[in-house]
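In: Compute the structure for the input listed below.
(2 chains)
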Amino acid sequence: MLNNFVTPDLYPAAPEIFLLAMACAILLIDAFLGAAQRWITAGLTLVTLVGCALITYQTMDGQVVLTFSNMFVDDLLADFLKLLLYLAVIVVIVYSRDYLAARNLDKGEYYLLVLFATLGMMVMISAASFLTVYLGLELLSLSLYALVAIDRDSPRATEAAMKYFVLGALASGLLLYGMSMVYGATGTLEIGGVAQALHLGVANKTVLVFGLVFIVSGIAFKLGAVPFHMWVPDVYHGAPTPITLLIASAPKLAAFAIAMRMLVYGLFELAEHWQSMLMILAMLSIAIGNLVAIAQTNIKRMLAYSAISHMGFLLLALMSGVVGPDKHFALNAYSSAMYYVVAYVLMSLGAFGTVLLMTRAGYEAEHLDDFKGLNQRSPWFAAVMMAVMFSMAGVPFFVGFFAKFSVLLAVVDAGYIWVAVFAVMFSLIGAFYYLRIVKFMYFDPPADAAPISAGLDMRFLLSVNGAAVALFGIFPDALVSLCTYALLRSL
Amino acid sequence: MSSSLLSLAIWVPILGAFVVFAAGNAQNLARWAALITAIAGFLVTIPLYTGFDVTQAGMQFVEQRPWIPRFNVEYFLGVDGISVLFILLNSFITILVVIAGWEVIKEKVAQYMGAFLIMSGLMNGIFCALDAVLFYVFFEASLIPMYIIIGVWGGPNRVYAAFKFFLYTLLGSLLMLIALIYLFLSSGGSFNLLEWHQLRVDMTPQILLFLAFLIAFAVKVPMWPVHTWLPDAHVEAPTGGSVVLAAIMLKLGAYGFLRFSLPIAPDASHYLAPLMITLSLIAVIYIGFVALVQLDMKKLIAYSSISHMGLVTLGFFIFNQLGVEGALVQMISHGFVSGAMFLCVGVMYDRMHSRQIADYGGVANTMPKFAGFFMLFAMANSGLPATSGFVGEFMVALGAIKYNFWIGFAAATTLVLGAAYTLWMYKRVIFGVVANKHVAELTDINGREFLFLAALAICVLAMGVYPFPFTDVMHASVDNLLKHVAVSKL
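Out: Presented below is the predicted three-dimensional model:
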C-alpha cells in the first residue's frame, strides 16, 4: 500500500496551508496575550488574510489544477471567489472590533474561529469531491455555531446557536445522505467522476434523483432558501451583530461555490430535475422573503428575510443556465449568479456595517426606529445606508440594479418570462421595506441625539463600502466581466 | 458630428450637486453654488438649440461609446427635434426652482438644492438616452431625488405621498424592464433604440410590449385610471417639487410613448389607438370635472395637469402631424404654465400657509402685482389665444377633428372646462372683498418672486404669440416619426 502513496501537489492549496499554519501560530501567540494586547491578534489575523490574498493572487494562472487525488481543485473561479472571501472577512473583522471590545467579547477565540470558518469556506470553494464539500462545510458550520454562542451569557444568542446547530446538523445529514446515494449510483465521490458516470449513462437514475433531492435540500438550507429558511431570521437576530455580519456575507460566496461544484460541475446531466427544484425554491424564497420582511420591526430580522429573497434571485440565476446544449446560456446564467452573489455580499456588508456603526457600549441599535433621523446625526453615513438600501431594492445607479438586471436577462433568455415578471413584482413589494429605512433616516426626526462613535478605521472602510456600492453601479462592467471571465475559464 | 454637449447637460448639474452637498450647513454658500450650477447647466444646453439643424430628422449631437460591453450596453446619447426642447425646458426650470426655494427652504438647504440638481441632470439623461438600459437607469434613478424631496420637505402627509409616488412609478418601470430585456434578446443582443425602431416584431409580442410600455408611461403621464398618485404627490411636495413634477416629470411618460411605444410597436399602436383615445378623453373630460370641485388649489392644478396631459396623449394617437406637434407644443407650454401656476400657489402658501381656496378672497387688493401675473398664467392654463396654452390645445383639437369630428369635439371641451375650473378658482382667490385679516396682511411679491414669475410670463407670451421657433425644431423629426409609424412591421 505504501508504495502507491504519491505526495500530493501542495502548491494549489498553498493559501489554505498558509492560513492553517498561521491560525495555529495565532492560537499559540494569543495564549500569552492579555486583553490589552488583543490588537496583536487582530493584526495577525488581518496579516494572515492579506497573506492568503497575496498567495492566491500570485498563484492565479487560469489553469484548472486538480490535486489530493482529485479531491481539491484550483481554478480561476476558486481564486476569484477566495479573493472576495478574504476581502469580506477583513471587512467583517474591522467592522467588529469596536462592538466586541465594548462588550468584552474581543477574545482570541473570535479571531481563531473566524479564521477556521474562512478555511472551511476556502475548502468548500475549492472542493472537487463531494467529501471535500462536506469537510469544508462542517468546518465552516462548526465554527459558526460556536461564534453565534460566543456571548455565552446571552440567552438569546445561546438559543440561536442551539437552533442553528440542530437544524444545521440535520441539513448536513441530508446532504451527506444525498452524497451517499450519488456514491452508491456512480461508485465515486469525485465531482468529475460523477459527471463522467452520468454522461456515460451507467448510473441508476432513480437512486440519483433521490440523492439529488437531498443534496438540493442541503444546499437550500445553507443558502437559507424557503422552505429551509426557518433558522435564518432567528440566527441573524440572536447572534451578536458582528457574527450576523459574518454569516450574512462570506458564506454566501462559499454556498454559491458548492452549488456550482455539485449541481453544475457534478450533476449537470440531471439538470432537468434540479432546475425545476431550484425554480420552486427560488420563487418561494422571493415571495416569502419579501412579504415577511415587511412585517419586521427589527432590522436584523428584516435583513434576514431580505437575504432570503436575495438568495431566491441567486437560485433563479442558477436555474436558468440549462436549456439545451448551448454553452452561451450556461455562461450567462452562472456569471449572473456569481455577479449577484458578489453584489449581495457587498451590500450585506454595508447594511450590517451601518447597524454596527450605530451600536455603542451597552446599546444595540437593532430596531428600525434606531435609524430615525440618521440624516441629521450623520448625513454621510445616512447616504451610505441609503445607497445600500436602494441597491438592495434594485434601483439604479447602484450595484444591486445591475445584479438583478443580469439575473433577469438570464431568466428571460432561458424562456421563463413569467418567472421574471413574478420576480420583479415581488421586488416591487420588497422595495417598500427598503424605502421604509430611507424614510426613517431622512423623513423622521432623530429619536436619539448621541453622536456616532465609531473608530476611524471602520468609518473609512464603511465609506469605501458605500462608495463601492455606488461605483460598481455607475461602472458595472469591470465586475461583470471579471465574473464572466472567471467562469469562462473554469467551466 | 461628435460633441460632448449632452454629457455636459447631464453631468454638470449632477457633479455640481456634490459641490453643493459639500457646502453642508453653510446655507448661503449652498444656495449660491446651486444657482451657479443651475445657470451653468442651462448655459451648456443653449448650443443644443442654436446649433440644431432643423432640416435633419435624425439624431444630432450624438455621443456613443461602450458602457457595459458584457451586455452590449452603450453610453449612447443624442437628441432630435422631439427631445431637444425638453432638455432646454428642464435646465431652465431648474434655475427657477433654485430661485424659488431661496429663502423658503430653511432646513437642509444643501441637500434640497443638491437633490434638485441631481434630478435635473438625470432627467436630461432620460431625454437624450438612446440606449434602452441607459434610458431605464436614468428613468428609475430620477425617482430617488423626488422621493427624498417629497418626503423631507413635503407637507403633513408627505410620507404617504412619497411612498405612493415611488411604488406606483416603480410598478410601471419594472414591467418595462422585462420588455426591454425581451427586445434585447429578440434583436439579437442590442439595446440600441434606433435599431429597435427598425426591428420586426409580430403582432402578439407587439401588443404585449405596447402594454408593458403603456403601464410604465401611463403611470408617469399620468393617464386615467393610474393617476391617483399625482394629486397626493403634488399636494404634499414642496413648491419646487411640484414645479419639477408638473413641468418635467410628467413629460417623461409622454416622451416615452414617442420614443418607445409608437416606433417599436406601430401596429399595436394603431390597433390599440381607440383604447388610448378613450383613456385620453376620459382624462380630458372626467378629470376636468374633478378639477372643478377641488377645494385645494394645488390639487386643482394637479387635476388640471392630468387633464392637459390627456390632450397630449390624445394628440399622439391620432397619428397626424397637427396632433403630434400640437401635443409636443402642449407639453412645452404646460411645462411653463403648470410650473408657473404651482409657483403662484407657492407664493401665496409661503405667506398664508394654506392652500385652501376658502381661506382666500380679495388677494388682488393686497397683492396687485401678483394678481396680474397669476391672471396671465390662469388665462394660459385655460387656453386663451396669445398665450402658449392656446397653441397646443388648438393644434391638437384641429388634428382630432381631422381624424374624427366627435373626438375633436370632445377634445375641444378642454377649452371650456379649463377656463371653468381655472378662472373660477382665480375669481374666488383673487377677486372679491378681502376675506379675512390674514389676506389683509399679505405683502406683494418681492424682487426674487418677481424675477421667476416674469421669466415664465415672458416664455408663456412669447410662445403664444410666435410659436414658430418651437414647431420649426420639431417639424422634421415628427414628420419622420409619423412616416415610420405608418409602415407596418408585420
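
In: going forward, measure contacts between C-alpha atoms and count neighbours the same way
Out: Will do.

In: just for chain B, where's the confidence low?
Out: B:1-2 (pLDDT under 70).

In: need the residues of it near chain A, please.
Out: Applying Cα under 8 Å from any Cα of the partner chain, we find that chain B lies next to chain A at B:67-70, B:137-138, B:140-141, B:148, B:151-152, B:159, B:163, B:167, B:170-171, B:174-175, B:178, B:181-182, B:185.

In: What segments of the stretch 51-200 of chain A are strands?
Out: Along the stretch 51-200 of chain A, counting by DSSP state E, counting those that start in this stretch, strands occupy A:65-67, A:72-74.

In: List phi and psi for B:F76.
Out: phi -120, psi 110 (degrees, to the nearest 10).

In: again with B:A237
Out: Dihedral angles for B:A237 - degrees, to the nearest 10 - are phi -70, psi 150.

In: wait, what's in contact with it?
Out: Counting by Cα atoms under 8 Å, 6 or more residues apart in numbering or on different chains, B:A237 touches B:149-151, B:153-155, B:158.

In: The residue lying closest to A:S180 once chain neighbours are set aside: helix or strand, and which one exactly?
Out: Nearest residue to A:S180, sequence neighbours excluded (Cα to Cα, 6 or more residues apart in numbering or on different chains): A:G211, at 7.5 Å. Using DSSP states H and E, A:G211 sits in helix A:205-223.

In: Going by neighbour count, which residues in that helix are buried?
Out: Neighbour counts over helix A:205-223 (16 or more other Cα atoms under 10 Å in any protein chain shown) mark A:207-209, A:211-223 as buried.

In: Which of the contacts of B:A237 sits closest to chain A?
Out: B:G151 (5.6 Å; Cα to the nearest Cα).

In: Tell me which of the strands of the stretch 51-200 of chain A is the most buried.
Out: Counting by mean count of other Cα atoms under 10 Å in any protein chain shown, strand A:72-74 has the highest mean neighbour count of the strands of the stretch 51-200 of chain A, with a mean of 23.

In: Show me what that strand is packed against.
Out: Strand A:72-74 is packed against strand A:65-67, with contacts defined by 3 or more Cα pairs under 8 Å, 6 or more residues apart in numbering or on different chains; DSSP states H and E.

In: Show the average pLDDT along the strand it packs on.
Out: Per-residue pLDDT over strand A:65-67 has a mean of 85.

In: Please state the offset of that strand from the chain centre?
Out: How far strand A:65-67 lies from its chain's middle: 25 Å, per Cα atoms, centre = their mean, to the nearest Å.

In: Report the strands that pair with it, each with its relative direction.
Out: strand A:72-74 (antiparallel) (DSSP bridges).

In: Number of residues surrounding the residue in the stretch 351-490 of chain B that chain A sits nearest to?
Out: Chain A sits closest to B:H353 of the stretch 351-490 of chain B, with a gap of 20.3 Å, by Cα to the nearest Cα. Neighbour count for B:H353, taken as other Cα atoms under 10 Å in any protein chain shown: 11.

In: and residue 147, what does it touch?
Out: With no chain named, the answer covers chain A. Neighbours of A:L147 in contact, by Cα under 8 Å, 6+ apart: A:110, A:113-114, A:243.

In: hmm, I had chain B in mind actually
Out: B:162-163, B:165-166.

In: can you pick the most crowded of those?
Out: B:A162 (27 neighbours).

In: which secondary structure elements does the helix or strand hosting it contact?
Out: Applying DSSP H and E as the criterion places B:A162 in helix B:158-186. The elements that helix B:158-186 packs onto, with contact taken as 3+ Cα pairs under 8 Å, 6+ apart, are helix A:399-413, helix A:417-442, helix B:132-141, helix B:143-153, helix B:203-220, helix B:229-236.

In: Chain B versus the residue nearest to A:Q275 when sequence neighbours are not counted, what's the distance?
Out: With sequence-adjacent residues excluded and distances taken as Cα to Cα, 6+ apart, A:Q275 is closest to A:M319, at 5.0 Å. Distance, A:M319 to chain B, using Cα to the nearest Cα, to the nearest Å: 18 Å.

In: Any idea how many residues pack against A:M319?
Out: A:M319: 27 neighbours (other Cα under 10 Å).

In: Hmm, A:I280 and it touching each other?
Out: No: taking contacts as Cα atoms under 8 Å, A:M319 lies outside contact range of A:I280: 9.8 Å.

In: show me what contacts the residue nearest to A:Q275?
Out: For A:M319, the contact set (Cα under 8 Å, 6+ apart) comprises A:274-276, A:278-279, A:333.

In: Now render those residues as TSV, adding neighbour count, pLDDT and secondary structure.
Out: Listed next are the contacts of A:M319 as TSV, based on neighbours: other Cα atoms under 10 Å in any protein chain shown; pLDDT from 0 to 100; DSSP: H, G, I helix; E, B strand; the rest coil:
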residue	neighbour count	pLDDT	secondary structure
A:W274	22	87	helix
A:Q275	21	87	helix
A:S276	13	88	helix
A:L278	23	91	helix
A:M279	20	91	helix
A:A333	29	85	helix
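
In: list the contacts for the residue of the stretch 151-300 of chain A found nearest chain B?
Out: Nearest to chain B in the stretch 151-300 of chain A, going by Cα to the nearest Cα, is A:I294, at a distance of 13.9 Å. By Cα under 8 Å, 6+ apart, the contact list for A:I294 reads A:302, A:430, A:432-433.

In: Swap in 7 Å and give it another go.
Out: A:Y433 (Cα atoms under 7 Å, 6 or more residues apart in numbering or on different chains).

In: Looking only at residue counts, what's the top strand in chain B?
Out: Secondary structure of chain B per DSSP state E: the longest strand is strand B:60-68.

In: Identify the residue spatially nearest to the residue in the stretch 1-150 of chain B that chain A sits nearest to, adjacent ones excluded.
Out: Nearest residue of the stretch 1-150 of chain B to chain A (Cα to the nearest Cα) works out as B:I68 at 4.8 Å. Leaving aside its sequence neighbours, B:I68 sits nearest to A:D477 (Cα to Cα, 6+ apart; 4.8 Å).

In: Measure how buried the one you found is and give me the count.
Out: A:D477 sits with 19 neighbouring residues when counted by other Cα under 10 Å.

In: which SSE is residue 459 in?
Out: Let's take chain A. In the assignment (DSSP H and E), A:R459 maps to helix A:456-474.

In: nope, chain B please
Out: Assigned by DSSP H and E, B:C459 falls in helix B:447-465.

In: Now do the helices in the stretch 1-150 of chain A.
Out: A:14-31, A:38-58, A:76-102, A:108-125, A:130-148 (DSSP state H, counting those that start in this stretch).

In: Give me the contacts around stretch A:412-423.
Out: For stretch A:412-423, the external contacting residues (Cα under 7 Å, 6+ apart) are A:286, A:320, A:323, A:408, A:411, B:182, B:185.

In: Closest one to B:G101 out of those, please.
Out: Nearest to B:G101 out of the contacts of stretch A:412-423 is A:L408 (Cα to Cα; 41.0 Å).

In: Count the residues that sit near that closest one.
Out: A:L408: 28 neighbours (other Cα under 10 Å).

In: Could you do B:V363 as well?
Out: The tally of other residues near B:V363 (other Cα under 10 Å) stands at 27.

In: what's near enough to touch it?
Out: Contacts of B:V363 by Cα under 7 Å, 6+ apart are B:429-431, B:434, B:439.

In: That one and B:H438: what is the separation?
Out: 10 Å (Cα to Cα, to the nearest Å).
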